[in-house]
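Engineer: what follows is a predicted structure for the sequence shown.
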Amino acid sequence: MNSERDPLSLYPLLGVSSAASTAEIKRAFRTLRTKSHPDKGGDAEAFTVLTKAYAVLSDPEKRRHYDETGQVHKSASEEFMEGFAGGVFSDRVGRATAAAVSLPSVADQIAIRSSETQQHSHTAGFEAWLRARGTDGTSVYTSDTIAEQFGVVKSSYEAVPLQPRSVLTSVCRGPGKPQQQLEVVAQPLPQELQWGQVLIEMNYASISPADIYTVRLGGVYDEQHKQPPFVAGHEGVAVVAKTGPGVKDLSEGDVVIPNTTLLGTWTEAAVVAAKSLIRVGKLATSAAGMTSIAGSQAPGATADAATLADELPLPLEYLAVHRELLLAYKLLETNTNLKPGDCVILNAPNSTVGRILLQLCKLLKLRAIALLRVRHLSKAAAGLKGGLSPETAAQNVDDAGSDARFSAVAHQLQALGATLVLRDEGSIKAQLQSQRFFGRPKLALDAVGGDSATRLADALEQNGRLVVYGCLSGRAPIWPWQTWVFRGLQVTGFNLRNTLAADKPAGAAKLRNMLESLGKLVSAGLLSAEFTEYSFTEEWQDAIEHAIEAPGGSRVLLRFE
């Protein structure tokens, strides 16, 4: 076979010519499969390659594409499954091999480490000493580290002047109800960019439960605290308008997302530290045209988007909620014991994270059980942009309307990928049995806490795992000791920022790869999120009201014009 016509040598792998018929290819594969299967002593990696070659040559469309281009055509879903979690969801042989590999027993580990102790080299002893000191004792100091920790003397660099300008900013005056504590005021920008600073122009900022939580507590998020008054907003997407001295990794026109919490994204523009941003692409337009970009495209409109953006992994609206996308991605990826056909159960399924999780489960062939709690919406929330009509909202005040609302939302969630939608109340085990759903969930994902988390844990299989990544109810979950001892419940917490920070120095590259992987799914129509946009200058109060009164389904975005 000519290597130019067959660069991957798929035909020789099966021992056939390029003119072979589909029947001949099938017979050749069956013969080789019988001989080289790992269960019969064959090499697992070689068998995987053989299987992939057959998958291409047995499909008429893929074979035609391969014969014409010499490249293997992959759909967006195939690319996603091959890249997700090291390809465990697409490689059956790899999954079986990984499952067969077990850790050495404690006795074996004792024997190994005893032998190491008897012949301990100086290098091994030094490495053990470093490990004993922890991560804080192994830091490497560079000029950038010193500048970041101790600052740079102003006389050693020349500040970059900025044009005098005031911008509209959403300021939180103190703890309490966001409707009462937030106000939009005009604030002047600094006159100069100091060392390591950049000027950014906001395109979109999302209003998430974390934003509302921080405002209600007056600037508290995890162990961080901003003293009121402060600019609200954790997440968003912006464009770099100007860079200050000492900035190496960013340039004008770069599209950036926050790398830290409490950045203060509810503002038209801001001067921030370059280290608090992550570059995700570059706009093709000039800095002078930045303000016309925000809000110019709907999430699904890609024709004109190509003229506006260059190298962007996702549309701007999706980048504004990148945290939710990455959170759903990592919640499934980090649980490497999952395989197609396994069952995952989650609460808050109508949130942005929940909806993305359901769609990813569908792509990964995981069965997803969604525990749904329908809120009784007020009539005031009914008329909000993107919300329910006044007539529909009025029906949701009574029980009959609540049932209708549950059925409507459940139908939407099943269309996204939920195998089963249950009410988040009572015994989930009893509901599963009444539905004749006998496969118990292996993984539970909790964003609510309180009684809802307890119900999740009760529904898990023996030695099941529950991951807590939020607490919308504000109440900690409680489990009886029998759940821990007799059922082997495993409970872990998950924080996206800590996980990404642990990947340094490769964290930025991994984040970019994840965004690109998700972007391909969005472009192919396999992944979507709903947005409701509000003008920051004219509709910010309506946006806050919408995010509080009707948080499910559509994510509220502030659009900066």
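Structural biologist: Nice, thanks for sending it over. From a predicted model like this one, the values you see are computed outputs, not experimental measurements. Numbers count the residues shown, from 1 in each chain.
Engineer: what pLDDT, on average, does the helix or strand Ala430 falls within get?
Structural biologist: Using DSSP states H and E, Ala430 maps to helix 428-434. For helix 428-434, mean pLDDT rounds to 88.
Engineer: the next helix or strand after it pairs with which strands, parallel or anti?
Structural biologist: Using DSSP H and E, the helix or strand that follows helix 428-434 in sequence is strand 443-446. According to DSSP bridges, strand 443-446 has the following sheet partners: strand 343-347 (parallel), strand 465-468 (parallel).
Engineer: so where is this structure shaky, pLDDT-wise?
Structural biologist: 1-8, 39, 86-122, 124, 128-150, 284-310, 375-401, 503-507 (pLDDT under 70).
Engineer: which residue would you name as the spatial centre of it?
Structural biologist: Leu326 (1.2 Å; CA atoms, centre = their mean).
Engineer: restrict the helix or strand hosting it to CA atoms and write it as CSV.
Structural biologist: According to DSSP H and E, Leu326 maps onto helix 322-333. Extracted C-alpha coordinates of helix 322-333, given in CSV (Å, rounded to 0.1, in the frame of the first residue of the first chain):
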residue,chain,number,x,y,z
HIS,A,322,-16.7,29.2,31.8
ARG,A,323,-16.6,28.3,35.5
GLU,A,324,-19.9,26.3,35.2
LEU,A,325,-18.7,24.6,32.0
LEU,A,326,-15.4,23.6,33.5
LEU,A,327,-17.0,22.5,36.8
ALA,A,328,-19.3,20.1,35.1
TYR,A,329,-16.5,18.8,33.0
LYS,A,330,-14.1,18.2,36.0
LEU,A,331,-16.8,16.7,38.2
LEU,A,332,-17.2,13.8,35.8
GLU,A,333,-13.5,13.6,34.7
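Engineer: check which residues of that helix are buried.
Structural biologist: Buried positions in helix 322-333, judged by neighbour count with 16 or more other CB atoms under 10 Å: 322-333. Backbone N, C-alpha and C define where each C-beta goes, glycine included.
Engineer: what about stretch 68-80, start to end distance?
Structural biologist: End-to-end distance of stretch 68-80 (CA to CA, to the nearest Å): 24 Å.
Engineer: what's the answer for stretch 497-511, then?
Structural biologist: Stretch 497-511 has an end-to-end distance of 11 Å (CA to CA).
Engineer: check stretch 151-159 too.
Structural biologist: Stretch 151-159: ends 14 Å apart by CA to CA.
Engineer: contact partners of that stretch?
Structural biologist: Outside stretch 151-159, the residues that touch it by CB atoms under 8 Å, 6 or more residues apart in numbering are 192-196, 244-246.
Engineer: show me how far that stretch is from its chain's centre.
Structural biologist: How far stretch 151-159 lies from its chain's middle: 38 Å, per CA atoms, centre = their mean, to the nearest Å.
Engineer: could you check how far the closest residue to Arg555 other than its chain neighbours is from Gln541?
Structural biologist: Take Arg555 and drop its neighbours on the chain: the residue closest to it by CB to CB, 6 or more residues apart in numbering is Thr352, 4.8 Å away. Distance, Thr352 to Gln541, by CB to CB, to the nearest Å: 22 Å.
Engineer: Gln49 - nearest residue in space that isn't next to it in sequence?
Structural biologist: Not Gln; residue 49 is Val. Leu13 is the one closest to Val49 (CB to CB, 6+ apart), at 6.8 Å.
Engineer: tell me which helix or strand the one you found sits in.
Structural biologist: Leu13 belongs to helix 10-14, assigned by DSSP H and E.
Engineer: list the buried ones in that helix?
Structural biologist: 10-11, 13-14.
Engineer: what does stretch 467-487 give?
Structural biologist: Neighbour-count burial for stretch 467-487, counted by 16+ other CB under 10 Å, picks out 467-473, 477, 483, 487.
Engineer: what lies in contact with the helix or strand where Gln187 lies?
Structural biologist: Per DSSP H and E: Gln187 is located in strand 182-188. Applying CB under 8 Å, 6+ apart, the contact partners of strand 182-188 are 164-173, 215, 232, 267, 536-537, 540, 544.
Engineer: partner strands of the helix or strand following that strand and their direction?
Structural biologist: Once the chain leaves strand 182-188, the next helix or strand it forms, by DSSP H and E, is strand 192-193. Within its sheet, and counting by DSSP bridges, strand 192-193 is paired with strand 160-161 (antiparallel).
Engineer: distance from the chain centre to the strand it pairs with, please.
Structural biologist: With CA atoms, centre = their mean, you get 37 Å for strand 160-161.
Engineer: I'd say Ile428 and Leu460 touch.
Structural biologist: No: using CB atoms under 8 Å, Ile428 makes no contact with Leu460, being 9.5 Å away.
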